[in-house]
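1. Fold the following.
(2 chains)
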Protein chains: 2
Amino acid sequence: MSATTTGLAAGREEVPAEVLRARAYLLRVAEPPCREVVDLVRECGPVEAAERIRRGQISGPLVGKVAARRAHDRADADLEAAHAAGARLLVPEDAEWPAWAFTAFGSRGALEKSELAPPVALWVRGTRALSDLCDLAVSIVGSRAATGYGTHAAAELGSVLAGAGVTVISGAAFGIDAAAHRGALAAGGPTLAVLACGPDRAYPAAHETLLERIAAAGAIVSEYPPGAVPARHRFLVRNRLLAAMGGGCVVVEAGARSGSQRTASDARALGRPVMAVPGPVTSAMSVGCHELVRAGAELVGRPAHVLETIGRLGVDLAAPPDRPRRPTDDLDPDAAAVHDALPARAAWPVERLTEESGLAPEAVRAALIGLEERGLAEYVHGLWQRPAPAARR
Amino acid sequence: MSATTTGLAAGREEVPAEVLRARAYLLRVAEPPCREVVDLVRECGPVEAAERIRRGQISGPLVGKVAARRAHDRADADLEAAHAAGARLLVPEDAEWPAWAFTAFGSRGALEKSELAPPVALWVRGTRALSDLCDLAVSIVGSRAATGYGTHAAAELGSVLAGAGVTVISGAAFGIDAAAHRGALAAGGPTLAVLACGPDRAYPAAHETLLERIAAAGAIVSEYPPGAVPARHRFLVRNRLLAAMGGGCVVVEAGARSGSQRTASDARALGRPVMAVPGPVTSAMSVGCHELVRAGAELVGRPAHVLETIGRLGVDLAAPPDRPRRPTDDLDPDAAAVHDALPARAAWPVERLTEESGLAPEAVRAALIGLEERGLAEYVHGLWQRPAPAARR
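-> Just a heads-up that it's a prediction; the model follows:
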């Protein structure tokens, strides 16, 4: 933890205040995601980009997108409010920036969708460096109106993944999100919440304590400044960050139409494997998951399947399920046929077993000797029978 | 039904008695499946094949396979017992033989597995011609130790498929099999049971009435002569007939290790699409289904998915699930952003909405007009607000 703290401090010192101010301004001046702002920053850097927007030295669609807010520079106020709330502005110039996660926005799938622009910066509250948290992470998403089954599955998944050191990323909403975070927290593992409101706000209000615990065990992240209220479209665009920051995206429960499917679609566009947890076909909350599997998502029956997919953890975590063993499992076909022919409550001579099994007498005799050695046949008074259950080895 | 009855009668008359006798002998002389018997019949016809085996004019592995039984010709006794039990021997020379279903045994996948030999003939009890029943059919298999969920899913599937005229093929066992047959019977549709014992036997005994009803509504089929008892290996080889006779194979519930997975594997080798019904990841009875989907089987969430896969029934049976509609569904991005910005319990001027939404004032005004037309925004005393729920159209 001390290394992490040092990392955070070192990162902070390196970023000039004017860059932080410029990115705080850019993050608010256009409603994210805004590809035009991202492109302008790439062209001339954040300080120059902010300056050009403030002065109106811009053209094209960007003009309309910043028209309402470009004259209101609240960067200092936002940075102060964040500081007061224990949050900080994380920028790409910072060593803690999870650069790898966001390179996905430069992929072809992402560039084809205007709403898949990367974040200009992120407001962060938490104890762990974001780059560390995103190093090995999985997004778990699903319905707010989850069933008991779904919350159980999400908690189990969150717990096993976090226990294996995988950061559980979710949206802190009711239902699946909360269950995934809680599962991770219960395992003492890392977890990360991406919000659609300011990093200082508890939304939903009932999750105030949960959010504090997430910040303490990992981090809370948002594109929206302190005090910002959540809005429906913010939940939708927030989902792209959830998808990008995880190495894969698991949908636990989702109705036929749901925000989770949008997140899955973002994940796919960003090149992240999409996984879905099946459920009863009688449950409306599993319809979305089943549709995802039918459309190509990976069915995830156990947490080990997720570990297998995001890799790096070794195959030993993904051993095949325990299969019940039967004493007759390894019998060769002849032995199996003779064993089948042995009557349950009688004893027969070899001749009768020969006829019942359809095997030659010598094959039957050979099989019987093997069966006797394994305790699966008994020779009593010249006849063959199955041993009583208690007599079996 | 009269056409079917005529078909049966016509088929019967055409097959010479010596062919029936020969195939009855061949069916019993080696335990099925026996590729060597099939090959010999293909080489010289059933009458000559039976004669050569009786006389011992054979060589190779066939010698051992018929050694125990070749001297015991029970063909006449079997045919008489069948007649007494209301059953008949159906042979490939018969017009009612479901030739299409069994051509699958000549596929490359089947030829690679010695246990995938076609039947030499079939004992049949029932009212419907087997060729008709197999014309459009689906195999439904699953665990005997099914859960309430599984039996519900199997019954629903059996009922919808049979209601659509698809023959429901299963094995008449406890659990999934019985539920699938019962669902089909409840819908008044066709169903077919493939047994691992004689066609005259009720196995399990508790299913005596069920088997009578299956015979009355469709047919009971077996490779084993009247009076033959079931044995474990017979259930396994019976599964290949189940798989072949259906145009697709649906596994409803299966443990991590189960006969259903063997049936699915046979179906795959025979070129039949394999489908699996998902269930709770917490249910041991769904583990096998989930493993099948992970291995490439199609996830079946609704009976329509099965109809879609076996085809021929038209796409209208497989319409996408009903999605709940919201009044804000068709809003363009600007309108959605403004609608999101509208406060829940207050009223704001355009300027405030402009700042909240991040849109230009003219875009906000245009959006508000559209929202007002749809009853999603209200203009009251110079301010904009959301209409009270009762006021919404």
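
2. ranges for the helices of the stretch 101-250 of chain A?
-> A:108-111, A:130-133, A:148-163, A:176-186, A:208-217, A:232-245 (DSSP state H, counting those that start in this stretch).

3. wait, does the last one contact chain B?
-> Yes - residues of helix A:232-245 are located near chain B by CB under 8 Å from any CB of the partner chain, namely A:232-234. All C-beta spots, glycine's among them, are computed from the backbone N, C-alpha and C.

4. which among the residues you listed end up buried?
-> A:233-234 (16 or more other CB atoms under 10 Å in any protein chain shown).

5. Make a markdown table out of the residues of helix A:232-245 next to chain B and add pLDDT and distance to B:Met285.
-> Output for those, formatted as a markdown table (pLDDT from 0 to 100; distance: CB to CB, whole Å):
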| residue | pLDDT | distance to B:Met285 |
| --- | --- | --- |
| A:Arg232 | 86 | 40 |
| A:His233 | 87 | 42 |
| A:Arg234 | 92 | 42 |
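
6. ok, so of the residues of helix A:232-245 next to chain B, who is nearest B:Ala87?
-> Lowest distance from B:Ala87 to the residues of helix A:232-245 next to chain B (CB to CB) belongs to A:Arg232, with 66.2 Å.

7. That closest one and B:Ala341: what is the separation?
-> Using CB to CB, to the nearest Å, we find A:Arg232 at a distance of 10 Å from B:Ala341.

8. do A:Arg35 as well
-> Counting by CB to CB - A:Arg35 and B:Ala341 are separated by 21 Å.

9. what about these two, which has more around it?
-> The neighbour count for A:Arg35 versus B:Ala341, taken as other CB atoms under 10 Å in any protein chain shown, is higher for B:Ala341 (24 against 19).

10. Who are the contact partners of that one?
-> Neighbour list for B:Ala341: A:231, B:348, B:353, B:356-357 [criterion: CB atoms under 8 Å, 6 or more residues apart in numbering or on different chains].

11. how about the residues you listed, which pair is most distant?
-> A:Ala231 and B:Trp348 (13.3 Å).

12. In CSV, could you pull the C-alpha coordinates for stretch A:17-27?
-> C-alpha atoms of stretch A:17-27 as CSV (Å, rounded to 0.1, in the frame of the first residue of the first chain):
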residue,chain,number,x,y,z
ALA,A,17,-1.3,22.9,-12.3
GLU,A,18,-2.1,24.6,-15.6
VAL,A,19,-2.7,21.1,-17.2
LEU,A,20,-5.0,20.1,-14.3
ARG,A,21,-6.9,23.4,-14.7
ALA,A,22,-7.1,23.0,-18.4
ARG,A,23,-8.4,19.4,-18.3
ALA,A,24,-10.9,20.3,-15.5
TYR,A,25,-12.3,23.0,-17.8
LEU,A,26,-12.3,20.7,-20.9
LEU,A,27,-14.1,17.9,-19.0
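
13. which parts of it are buried?
-> Result for stretch A:17-27 [16+ other CB under 10 Å]: buried residues A:19-27.

14. go on, stretch A:283-299?
-> A:283-294, A:297-299.

15. Next step: those restricted to strands.
-> Secondary structure defined by DSSP state E assigns A:298-299 of these to strands.

16. okay, now A:Val274: neighbour count?
-> 24.

17. how does chain A divide into domains?
-> A:2-17+A:74-318, A:333-391 (automatic domain parsing).

18. Which among the helices of the stretch 101-250 of chain A is found nearest to B:Val141?
-> So among these, helix A:148-163 is nearest, using CB to CB, at 25.0 Å.

19. just the angle between that closest one and helix A:208-217, please?
-> 20 degrees (axes from the mean of the first three to the mean of the last three CA atoms, to 10 degrees).

20. Only alpha carbons, please: show helix A:148-163 as CSV.
-> Taking Å, rounded to 0.1, in the frame of the first residue of the first chain, the C-alpha atoms of helix A:148-163 are listed here in CSV:
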residue,chain,number,x,y,z
GLY,A,148,-32.3,-13.1,-5.5
TYR,A,149,-30.6,-15.6,-7.9
GLY,A,150,-28.9,-12.8,-9.8
THR,A,151,-27.6,-11.0,-6.7
HIS,A,152,-26.3,-14.3,-5.3
ALA,A,153,-24.5,-15.0,-8.6
ALA,A,154,-23.0,-11.5,-8.7
ALA,A,155,-21.9,-11.6,-5.1
GLU,A,156,-20.3,-15.0,-5.7
LEU,A,157,-18.5,-13.8,-8.8
GLY,A,158,-17.4,-10.6,-7.2
SER,A,159,-16.1,-12.5,-4.2
VAL,A,160,-14.1,-15.1,-6.1
LEU,A,161,-12.7,-12.7,-8.6
ALA,A,162,-11.6,-10.1,-6.0
GLY,A,163,-10.2,-13.0,-3.9
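
21. Name the nearest residue to A:His181, sequence neighbours excluded.
-> Distance criterion CB to CB, 6 or more residues apart in numbering or on different chains; nearest residue to A:His181, sequence neighbours excluded, is A:Thr191 at 5.1 Å.

22. Tell me what the one you found is bridged to.
-> A:Val168 (DSSP bridges).

23. and it, how many neighbours?
-> What A:Thr191 shows, counting by other CB under 10 Å, is a neighbour count of 33.

24. wait, doesn't it sit right on A:Leu185?
-> Yes - contact status for A:Thr191 versus A:Leu185: in contact at 6.1 Å, counting by CB atoms under 8 Å.

25. Mind listing the shared neighbours of these two?
-> In contact with both A:Thr191 and A:Leu185: A:162, A:214, A:217, using CB under 8 Å, 6+ apart.

26. Just give the number of residues close to A:Pro204.
-> Neighbours of A:Pro204 (other CB under 10 Å): 14.

27. tell me the contacts of it?
-> So, once contact is read as CB under 8 Å, 6+ apart, A:Pro204 ends up touching A:173-174.

28. what ranges of the stretch 101-250 of chain A fall below the confidence cut-off?
-> Filtered on pLDDT under 70, the stretch 101-250 of chain A yields no residues whatsoever.

29. before we move on, back to that, switch the contacts of B:Ala341 over to CSV; also include secondary structure, neighbour count and distance to A:Ala137.
-> Output for these, formatted as CSV (DSSP: H, G, I helix; E, B strand; the rest coil; neighbours: other CB atoms under 10 Å in any protein chain shown; distance: CB to CB, whole Å):
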residue, secondary structure, neighbour count, distance to A:Ala137
A:Ala231, coil, 21, 26
B:Trp348, strand, 16, 39
B:Leu353, helix, 25, 37
B:Glu356, helix, 22, 32
B:Ser357, helix, 25, 32
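
30. outside of the helix or strand that contains A:Trp384, which residues touch it?
-> Per DSSP states H and E: A:Trp384 is located in strand A:383-385. Outside strand A:383-385, the residues that touch it by CB under 8 Å, 6+ apart are A:342-343, A:346-350, A:353, A:368, A:377-378.

31. among these, who's most crowded?
-> Neighbour-wise, these (other CB under 10 Å) top out at A:Leu353, 25 neighbours.

32. thought it was touching A:Ala363?
-> No - counting by CB under 8 Å, A:Leu353 sits too far from A:Ala363 to count as a contact (10.3 Å).

33. Quick one: name the residues of the stretch 51-200 of chain A near chain B.
-> Checking the stretch 51-200 of chain A against chain B by CB under 8 Å from any CB, the hits are A:64-65, A:67-69, A:72, A:149, A:152-153.

34. Compare those residues and tell me which has the most neighbours.
-> A:Ala153 (29 neighbours).
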